[in-house]
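Asks: can't give you the sequence, but here's the structure:
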């Protein structure tokens with residue numbers, strides 16, 4: 001199993017290292033079969049050390065923009081990073097981005113140490129991080145990530161691969 005940003009997973013598909021990728025849209029190539037899954041809401045993730053400053057379960061975009069922000073950014077192409085910044089700018093806000101990185105695990109590790117906060121799709125938070133930070137909803141309407149199951153068109157797909165696609169798409173992940 002490989003983990004990485006959309007650009008990296010697309011490269012692995014093109015090199016035939018992997019048969020199927022679960023990633024966030026958009027994808028660059030037209031050579032893919034794409035099955036969109038249920039949209040994923042973005043959440044704000046703050047260090048546990050900040051809980052007294054933010055005691056509620058939700059946070060405003062203005063409050064997010066005023067904090068040191070750590071964002072996931074693709075190695076190449078346009079993705080969630082650019083969409084997040086655009087959303088802030090359309091709201092008249094200039095977020096204080098202090099770090100961008102293609103690896104969500106690295107971002108969450110930095111958040112857990114108190115370096116700053118992040119805005120990511122809820123599905124990116126795994127049990128391994130349980131208790132290391134606080135997850136908050138964003139009060140204003142915000143972006144929703146668009147996950148999808150992606151594979152290369154006209155390429156042989158094993159029975160196991162077809163079963164995995166069927167499972168992922170029938171359960172809405």
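Replies: Sure thing, it's come through. Computed from a predicted model, the values in this text were never measured in an experiment.

Asks: ranges for the helices of this structure?
Replies: Under the criterion DSSP state H, the chain contains helices at 6-14, 61-65, 80-90, 104-112, 159-170.

Asks: Now tabulate those in a markdown table and tack on distance to residue 23, mean pLDDT and mean neighbour count.
Replies: For the C-beta atoms, the positions are set from N, CA and C on the backbone; glycine is no exception. Shown next, in a markdown table, are these (distance: least, CB to CB, whole Å; pLDDT from 0 to 100; neighbours: other CB atoms under 10 Å):
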| stretch | distance to residue 23 | mean pLDDT | mean neighbour count |
| --- | --- | --- | --- |
| helix 6-14 | 5 | 84 | 19 |
| helix 61-65 | 25 | 96 | 19 |
| helix 80-90 | 11 | 91 | 17 |
| helix 104-112 | 12 | 92 | 19 |
| helix 159-170 | 12 | 85 | 13 |
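
Asks: In contact with residue 42, which residues are there?
Replies: Residue 42 is in contact with 84, 119, 120, 121, 122, 138, 142, 143, 144, 145, counting by CB atoms under 8 Å, 6 or more residues apart in numbering.

Asks: mind running it again at 6 Å?
Replies: 119, 121, 142, 143 (CB atoms under 6 Å, 6 or more residues apart in numbering).
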